[in-house]
Structures are given as structure tokens and as C-alpha cells.
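Trainee: The sequence isn't on hand, but the structure is:
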């Protein structure tokens, strides 16, 4: 096929401009990215060769080779992995094959160091080569294709690339970087070897470089006609923990996750028993951009006896731990295991249970011993961990102890109070854990439902995450203490309010005619109207009946496009409020006042009015009447 000149995808053009202007704060990282891609190509070949051994083409010794040419001013990274066809070269090197590219560019802040951390997450590390090169040439042939179907891809990063068909005897990929002016310090064997050992020592296949020795007569390094391995070249997780330094664990995590930050914690274990496997798990310190992407399958890399099987094996982790990164290497699973077989395998169920317990143990250790790191974890992944309360009944108690909340005792939205902390501070005659849900921390903090709790000095959890109300429908108690919503109609403060009940009964009798009249006016809006003594400053509030869905949950479901039973709320009015004290069953404008009390209560809890225009009209009429 003749040579073609094609244009990059628009997002790639943007990315190239970022790269060319040295987006990476440390430009030597380009070598790590390209070696990582070569390692992935070898993993893919191993996996495809399980079903089709002929893909090895009589060369099953997989390796990566890095070399440089001072005269030509080039650096070359060569691998004998899966390779690319012409179509794959155009697709993989001319576009960013990610659904989140628009999101990627929206997150760029102009801060080189922060922006650099996004590059690997979006799988676009290949383009980092343009930091040091003004032209990149890629020659490749996919395993299984004839030699005549090789491909050459070339670009100067200027918005276009050339693609040509070539003869290539070897499968795999050769990337040649033609260095920019001023990058000659990279044309040094010791420098390249140092970068490889710093960032890629954990790569599980050999990284080769031409062997160099010092020539005394010439007083320079001389290249020999043989290669040497410059990395450990063994699976890091298969080595003994005593042989691995913390820096090596961190480097492996960064290779595995394409995250340029250090992990918060990791655990490395060999499990023996009914099922034998090795697990190396990491807790990231920042959330990936696609944490809430329903089409993204989070999970672990699965190996069987050191042979790569698949990325993102979501069957090995429950959904609420989908941010955990790592490797599981099984001794028992078959090499031809598929995602479908994983769902049915007893061994996988055993591994999943073991991985889940080990991941929760990591989080428990952080929460107990490294509170600052746990606060970082909670800020990034707390909402996802809350999903586990509903998803994982077997570990619900462990997860409940890991939850963190904002409360009325704090002055910020920071979620740093555990349920155990709350229980330890409960008043002596308090029997329940109280909480309020709202659309935001500020709305929760200012909820009229909290007024009686402030008066009595009772702490209340302030819940403003979308997952909260759903999660607490599964978590009904903690350490024998029931969790109770302050916005429920059955609110009972127990001994906290015994001294007030007689006074309440007296007032209820006196205002019975007013309550009945308001209920008649609002019969289409409110399920019931009644007096309340939970309010001190507000004239009214809305509560849900015992068995009805809360207004907050109804609004959430509606916003998500889901059907929700439209239960009418209960209107509670405060008999001690000056506005209510002025009303009687005979008040001329009682209809307007009744609607106003209901609508104000709806607005106070974050709801939307069905007829805002009528609310404005009534409010203006009552204001004008009061002005005379």
C-alpha cells in the first residue's frame, strides 16, 4: 500500500503542543512510558499465544532492547511483543482511544507537575517522546502477519503523520526518537541505564542494552558486540518481600497504575491453602479520572503462574474497592481462563474474599495508625467506600468502622468523624445516632430539623454525599445504637425530651382547630399537618412518614431519571414561632399563610416548588398586607 499522510485527531494535536512545551516536569520519564508500553506489548503477546502458540514465530524469549546512536542523535526502543498492523498503527498512534479525552483536557490546570500526573492516567504516554524528539519513527509488524505487511509510522508532531507499508522480518515494534537540539546528554549509556534502573527495574522481562566497557587506551567507553540485561528482569511480586525496597514497590505501582504519585499503602502476601496465589495490592493517593465511569471496569491485573492473562479483572474485587490497584498471580487457575469462567470459578471466589479482606485490613491500618494518609484516602474514595455498606453484607461492620462524616460539632465540611467517635461522645441518656441528609454540607448544617438538637447539645451527622441515604438504608445500627434520621416523622428523643411532653400536650389541645384548618387547605400537598417541638427558630418543616421515601431520596431519583413513589410529606408547624402564634382558624388570609408555611419548608430542605409563581404572588400579597 502506498504512503499516506494523515491528520492527528484534534485531541492529539492539543496533547502534542503540551508535550512539545515540556509538560512533564521531569523529561526523562519518556523512557519509562515507552518501556512500559513495550512491556504491555509483550504481555499481550503472551496472552494471545495461549490460544495460538504460532504467534511466537519460533522466538518465545521476549525482551526489550534500548540503544542509542551518537552520530545520528537517536534513541531506539525495540521490543518483540505483539506488534501492530497498519490499521492499528493509525488507530493507536493517531488517536487517543479513550472516551474521557474531553474530560482530560478539561482537567488540565496549567500547572506542569499536576498536568503531568494526568498523562499516564489517560494512556497517552507514547506522545511523551515528543518532549525530547522532534521526529519519531515507528516500525512494526503484528505477530502472525507476513513480513510484507510491516508498517512505518512517522511524525514531527506537527499535526500530521505518514504511514507506509514496509517489509519487516521480525514481529514487534521499533521506536526511534530523533532528538531535539540540546538533548544530547541523553546520548550516554550510563545515563540511559540509570533512568531504566530508576523507573523500570521492576519490568518482568529483560531490558537489554549494548554492553560498554572503559577503554584505557582511548580513555572512553567502548561498545562491545553483545548485550547486557540492565534490570532485575523478574516479576517483582514473585520475589521475597525481604528483597524488595520501598522505592521498588513505589516504582512498580507507578508502572502498574500510570499514576505519578506515590501510593498511600501496599500489602504483599503469598496465600496458601485451598487456593494458592500471590497478591500485591496498592491504595492510590488520588482518584482516577474515570472512577465514576460506569463503562470502566476497575480491577486487578491477573496472572497465572507469571503469565499475564488480563487487565482489570473486576471479578477479583467488589465494586466499592474498584480503586485498589495491584496484581494477583494464581497457581490454580487455567491459562485459558476467560472473564466468563472467572464469574463461575470457586477459586476466583476464594481469591476475591481474600483480596477484599486484605484491602480492608490496609484501610484499617491507615485509619488507626496513619490518620493523615487515611484523610487523603477518604477525600479521594470515601463516597465509593460507602457503596460497600449496601454491597457487602459480610463485611458491613468492618466498612462501617471505616466511614467518616461531618457533624454539627465541626465548623467545616471535612468528613473526619467516625461512628465510634460519635458513640463515644453521646450524651448519657442518648440512645440513638442521629443524622440529617441534604444536597450540600451547608444545607445540612442549616436544616431546621437540627434546631432542637442544637438546643439540647446533641451531635448530629451531616450527610451530603449522593450515596449517603442509600447506604444508610442498609446500615440501620452501629454497636447496638440505631441510626435515626432527624427528618423522619417518628423522631423520638426518648429521655432527652421527657420533661417537655406535658407542656406539648397542653399546646396541642389549644391549637387543634388551627391545625385542622391548615390540613384542610393543604390536603393535596401534605399527607398530614401537626404540631412539632423539634423546631426552635423556624415556623415549619417537612418530614417523611415512617414508611415513606424521604423527599431528599425522591429528588435524587428524579434527577437520575428514575421513577420514585411520590409520597406526600408531613408538614410540622412550630407553635412557639411568632408567625404561627399570630394565626388562628379564623385568620382571613389563612389559605395563603398555609401554602407559605408549606413552600418555605420545602425550600428549606432543598426541594423545588411545583408552582413558584404562586409562591411569589402569595408572598407579595402577605408582605403588602403587613405593610399597611
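Mentor: Good, I have the coordinates. Keep in mind the model is a prediction, meaning the values are calculated, not measured. Numbers count the residues shown, from 1 in each chain.

Trainee: Show me where this structure dips below the pLDDT cut-off.
Mentor: Scanning the chain with the threshold set as pLDDT under 70 gives 1, 18-26, 96-124, 294-298, 489-506, 548-549, 551-565, 626-628.

Trainee: Domain map for it?
Mentor: What automatic domain parsing lists as the domains of the chain is 4-229, 236-371, 385-495, 499-627.

Trainee: Next, format those as CSV and append mean neighbour count and distance to residue 377.
Mentor: Heads up, the C-betas are built off the backbone N, CA and C, glycines and all. Formatted as CSV, these follow (neighbours: other CB atoms under 10 Å; distance: least, CB to CB, whole Å):
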stretch, mean neighbour count, distance to residue 377
domain 4-229, 17, 17
domain 236-371, 18, 6
domain 385-495, 18, 8
domain 499-627, 16, 25
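
Trainee: could I get these as TSV with distance to residue 379?
Mentor: Output for the domains of the chain, formatted as TSV (distance: least, CB to CB, whole Å):
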stretch	distance to residue 379
domain 4-229	16
domain 236-371	9
domain 385-495	8
domain 499-627	22
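
Trainee: Out of the ones you listed, flag the one nearest residue 378.
Mentor: Nearest to residue 378 among these is domain 385-495 (5.1 Å), distances taken as CB to CB.

Trainee: From the chain's centroid, how far away is the closest one?
Mentor: Relative to its chain's centre, domain 385-495 lies at 24 Å (CA atoms, centre = their mean, to the nearest Å).

Trainee: ditto for stretch 212-227
Mentor: 50 Å.

Trainee: For that stretch, measure first residue to last.
Mentor: In terms of CA to CA, to the nearest Å, the two terminal residues of stretch 212-227 are separated by 9 Å.

Trainee: cool, stretch 211-227 as well?
Mentor: End residues of stretch 211-227 are separated by 5 Å (CA to CA).

Trainee: can you list the residues that contact stretch 357-377?
Mentor: Residues outside stretch 357-377 that contact it (CB atoms under 8 Å, 6 or more residues apart in numbering) are 264-267, 269, 279, 281, 283, 285, 317, 321, 324, 385, 395, 398-399, 401-402, 416, 418.

Trainee: Okay, and which of these map to strands?
Mentor: In strands, defined here by DSSP state E, the members of these are 265-267, 269, 279, 281, 283.

Trainee: want to throw the residues you listed into TSV with distance to residue 474?
Mentor: As requested, those are arranged in TSV below (distance: CB to CB, whole Å):
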residue	distance to residue 474
265	27
266	30
267	27
269	30
279	27
281	25
283	24
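
Trainee: with those in mind, which one is nearest to residue 27?
Mentor: Comparing the ones in strands among the contacts of stretch 357-377 against residue 27 with CB to CB places residue 266 closest, at 27.7 Å.

Trainee: Just give the closest residue to the closest one, not the sequence neighbours.
Mentor: residue 282 (4.6 Å; CB to CB, 6 or more residues apart in numbering).

Trainee: Next: residue 341.
Mentor: Nearest non-adjacent residue to residue 341 (CB to CB, 6+ apart): residue 334, at 7.7 Å.

Trainee: Nearest residue to the middle of the chain?
Mentor: residue 291 (3.2 Å; CA atoms, centre = their mean).

Trainee: what's the spacing between that residue and residue 282?
Mentor: 15 Å (CB to CB, to the nearest Å).

Trainee: can you check residue 86 too?
Mentor: 37 Å.

Trainee: can you give me the helices for the stretch 351-500 of the chain?
Mentor: Along the stretch 351-500 of the chain, the stretches classed as helices by DSSP state H, counting those that start in this stretch are 371-391, 396-402, 419-424, 441-445, 451-456, 468-472.
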